[in-house]
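> Below: sequence and its predicted model.
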Amino acid sequence: MTDLSVNLNKIALLRNSRGRNYPSVIDFAGKFIALGVQGITIHPRPDERHIKYADARDLKAFLAEHPQVELNIEGFPDEVFMALIEEVRPHQCTLVPDAVNQLTSDHGWDFHQQAKFITPLIAQINDWGVRSAAFLDPDTGQLELAARSGTNRIELYTESYAKAWGSDSQAQVLAGYRQVSQLASELGVGVNAGHDLDLNNLPDFLTIPNILEVSIGHALTVECIEHGMSKTVKRYLDNCRG
C-alpha cells in the first residue's frame, strides 16, 4: 500500500489571501485525517506566501493527538529551514532544490554538482531522528549518487510523467520511473513521489511497485472543490491501496 500525504500549501494560500485564519490549516488537516489520510505535507518558502513557519509548529502540536499520521516538511535547506527542522522534528524532511523566488518545484537535486552541499545536511537530519528524503529526477545516475549521500528516501519528481500521461510517450516515460524505483529498492533507498499527480494519472503511476508515499496538494485541492472532499479523498485512498 502507498501512503497518501496531503500537501496543505493551497489551503494556506487561500487563508493568506484574506488576512485572517480562514480557511484554517489546522482545521483542514483534521478534516483530511478524519477521511483517512496517512500524512500531512507542507512546503514553507522564505516569503511565507502560503505555509508559514508557525504552521509547522502548530501542525506538530496538533499531530501529537494523531500519532498514526506523519508530518512531512519539504523545502530548500537554508539556515532558517534547517533550524525549523531541528526545532519541530517532523517524521520526514524532504529537501528540495528551490530557488528563493521559485513559483513551484521544477527539478530534482544534481548530485554531481551539489553532493558536497546536501550530504552533510542529510546526515544532520538523520542525526535528529528525522527521516530524510531528497527530491530527485527519474535518473538512475542521480539515484546512485543520492544513495551514497545517506538519504533514507528519494521523492521522485513526477512532472515529466504527468505531462506524458495519455500520450504516445507515456509507457516509455513510466518505464524510466519504474527503472529508478527498482534500482532504489536494490540500493536500500525508499521511494516517494509527487508533483502534478492527480486522480486521473495516479493509478497508472502506482503500477510501479515499492512507491511508499505520494504527496499531492494542488490537484487534490482542485478536485476537492470539484467533487467534494469525502469523494475525492476516498478515490485517492482507493488508488493507493491498489
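Alright, I've got the coordinates. Computed from a predicted structure; not experimentally measured. Numbers count the residues shown, from 1 in each chain.
> got the contact list for whichever strand or helix holds residue 146?
Assessed by DSSP states H and E, residue 146 sits inside helix 140-149. Helix 140-149 is contacted from outside by 108-112, 115, 118-119, 122, 134, 136, 154, 179-180, 183-184, 187-189, using Cβ atoms under 8 Å, 6 or more residues apart in numbering. Just so you know, the C-beta spots here come from the backbone N, C-alpha and C atoms, and that holds for glycine as well.
> Got a ChimeraX select line for the buried ones in these?
To isolate the buried ones among those in ChimeraX, judged by 16 or more other Cβ atoms under 10 Å, type:
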select :108,109,111,115,118,119,122,134,136,154,180,184,189
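> Tell me which entries of the contacts of helix 140-149 lie within helices.
111-112, 115, 118-119, 122, 179-180, 183-184, 187 (DSSP state H).
> In terms of pLDDT, where does residue 59 sit?
Residue 59 is assigned a predicted lDDT (pLDDT) of 98.
> which residues touch it?
25-26, 29, 40, 42, 71.
> For beta bridges, what are the partners of the most centrally placed residue in the chain?
Centroid-nearest residue in the chain, with Cα atoms, centre = their mean: residue 215, separated by 4.1 Å. On the basis of DSSP bridges, residue 215 is bridged to residue 5, residue 194.
> what about stretch 3-13, average pLDDT?
On average, stretch 3-13 scores 98.
> What does the pLDDT read for the residue of the chain positioned farthest from its centre?
Taking Cα atoms, centre = their mean, the residue of the chain most remote from its mean C-alpha position is residue 168, at 27.5 Å. With respect to pLDDT, residue 168 scores 98.
> Can you classify it by secondary structure?
coil (DSSP: H, G, I helix; E, B strand; the rest coil).
> how about the helices in this protein?
Using DSSP H, helices in the chain cover 9-16, 25-34, 53-63, 79-88, 111-127, 140-149, 159-164, 170-187, 202-205, 218-227, 229-241.
> Let me have those helices in CSV, extended by distance to residue 101.
CSV is the format used below for the helices of the chain (distance: least, Cβ to Cβ, whole Å):
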stretch, distance to residue 101
helix 9-16, 16
helix 25-34, 23
helix 53-63, 18
helix 79-88, 15
helix 111-127, 19
helix 140-149, 25
helix 159-164, 19
helix 170-187, 29
helix 202-205, 30
helix 218-227, 19
helix 229-241, 31
